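In: build me a model from this:
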Amino acid sequence: MFRTIFMLCGFIIVALLLLFVVPAGAYAVPPAITADAAVLMDAVTGQVFYAKNSYKQCPPASLTKIMTAIIALENGKPDDVATVSRKAASISDGSIIDLHPGEKITLHNLLKAALISSANDSTVAIAEHVGGSESRFIEMMNTKAILLGALNTRYANTNGYTHPNHYSTAYDLALIARYALKNPQFAQYVRRREAVVEWYDRSRKEAIHNTNRLLFGGYPEINGVKTGSTSIAGSCLIASAGKDGRRLITVVLHSRDRYRDAIRLLDYGFSQIESVDLCRAKEPVGCLAVGGGIYLAVTVMAEREVNADLLRSDLPELRSEINLNSSVEAPVRPGQKLGEAVFYLRGQELARVSLVAAEAVPRKGWVVYMREKVFG
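Out: Residues are numbered from 1 along each chain as shown. A predicted model of the protein is given here:
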């Protein structure tokens, strides 16, 4: 009589949420892009919504400078004054601010030059000042990559020059950018359209402009982060944007049209990602029989709300698994765990939540027990 009762009528609430079907035409296919590798990631959760060769090792070009800036900001102070070495002044390939040996310039100004105008000489000056030597600074970059989980990334320099031992992936670069954007100083640098680099003795000033064209009206919601290009790496871009409370990061590597690729991926994310309630907190979802209690059953509810951000095209693939205790005996306490619900997307676990008793079920007293024996 007191075997476990699983009331399907109650759990239909959860099932309907999980098996919600999007009407035909309500979701779009992923965009076609020209990049050899790309990723679209939620800047808050790190969830990936689009991936193309996202773990393929590629030369990152000047996207390298994001890690250079992270190490500098975490190990130096913006008002530190660096003295330019002959080595830093000798850098002449690509974008530079034409540093001269013996010049003094603050770390703040060097970071502006590196992140806004992608100056290659400034990163060497940064590395020598913060790390004591460029080689030591590169070791710090590689260690940080490992700590961030960017396990397919290796740095051989601070600016992104092509080197066989200098590589990353679209996924790793999104991880690194996501981490960097949590630093307010970094976020301020990469959203600026222009700035003035000023030497410490005020003998020189250099107006610089951001290399990221999306900041100049190309995409209203854009707030960073960095461009990169070499003959081997091709045109690369990491772009970050916020809209309707959601923040996304996209990475495109070796692209024939990096800005259009980035816009297509961001538009896809903002139009196709939905926040879905998998279950609601404290809402009854079924009943479980109770042995030896003054009530025959106890109401079961989810302990907390569970939601997820998903692509609309993923919604029909949601599934749930309800696991209840095989038996429960009184007394039952409010909030007592009686099982759990597990949510899956294409067979992969998405989330889980405890199912708990909504109310108390006291044990029967001996008087009630005897009455039932006598009167049935």
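
In: so the residue nearest to G46 when sequence neighbours are not counted, which of the three states?
Out: In this structure, G46 finds its nearest non-sequential neighbour in R178, 6.2 Å apart by Cβ to Cβ, 6 or more residues apart in numbering. No exception for glycine: its C-beta is placed from N, CA and C like everyone else's. Secondary structure for R178, judged by DSSP: H, G, I helix; E, B strand; the rest coil, is helix.

In: quick one, what contacts R178?
Out: M41, A43, G46, I249 (Cβ atoms under 8 Å, 6 or more residues apart in numbering).

In: am I right that the first one is in a helix?
Out: To tie it back to what came earlier, the one meant is M41. No: counting by three-state DSSP, M41 falls outside a helix, being strand.

In: got a pLDDT number for it?
Out: On the pLDDT scale, M41 is placed at 98.

In: next one: the residue nearest to G46 from K52, what distance?
Out: Distance of R178 to K52, given as Cβ to Cβ, to the nearest Å: 18 Å.

In: ok, T230 next?
Out: For T230, the distance to K52 - Cβ to Cβ - is 20 Å.

In: not counting sequence-adjacent ones, nearest residue to R264?
Out: R264's closest residue in space is P31 (Cβ to Cβ, 6+ apart), at 4.0 Å.

In: also Y27?
Out: R312 (3.6 Å).

In: strands of the stretch 251-376 of the chain, residue ranges please.
Out: 273-279, 284-289, 297-302, 306-311, 318-324, 337-345, 348-357 (DSSP state E, counting those that start in this stretch).

In: of the ones you listed, which stretch is the most buried?
Out: Counting by mean count of other Cβ atoms under 10 Å, strand 297-302 has the highest mean neighbour count of the strands of the stretch 251-376 of the chain, with a mean of 22.

In: distance of the residue nearest to G46 relative to I96?
Out: 29 Å.

In: and if you look at I66?
Out: Counting by Cβ to Cβ, the gap from I66 to I96 is 19 Å.

In: go on, A28?
Out: Taken as Cβ to Cβ, the span from A28 to I96 is 43 Å.

In: ok, the two, which is more surrounded?
Out: In this view A28 and I96 are compared by other Cβ atoms under 10 Å, and I96 has more residues nearby, 18 against 13.

In: check what pLDDT the nearest residue to S85 once chain neighbours are set aside gets.
Out: Spatially, and ignoring its direct neighbours in sequence, S85 is nearest to E128 (5.6 Å; Cβ to Cβ, 6+ apart). Here the pLDDT value assigned to E128 is 98.

In: CA atoms only: put the helix or strand harbouring E128 into CSV for me.
Out: In this assignment (DSSP states H and E), E128 forms part of helix 120-131. Coordinates of each C-alpha in helix 120-131 appear next as CSV, following Å, rounded to 0.1, in the frame of the first residue of the first chain:
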residue,chain,number,x,y,z
ASN,A,120,54.8,46.4,-30.9
ASP,A,121,57.7,48.3,-29.3
SER,A,122,55.6,49.2,-26.2
THR,A,123,55.0,45.5,-25.3
VAL,A,124,58.7,44.9,-25.0
ALA,A,125,59.1,47.9,-22.8
ILE,A,126,56.2,46.7,-20.7
ALA,A,127,57.8,43.2,-20.4
GLU,A,128,61.2,44.4,-19.4
HIS,A,129,59.8,46.8,-16.8
VAL,A,130,57.3,44.4,-15.2
GLY,A,131,59.2,41.1,-15.6
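
In: thank you kindly, that will do.
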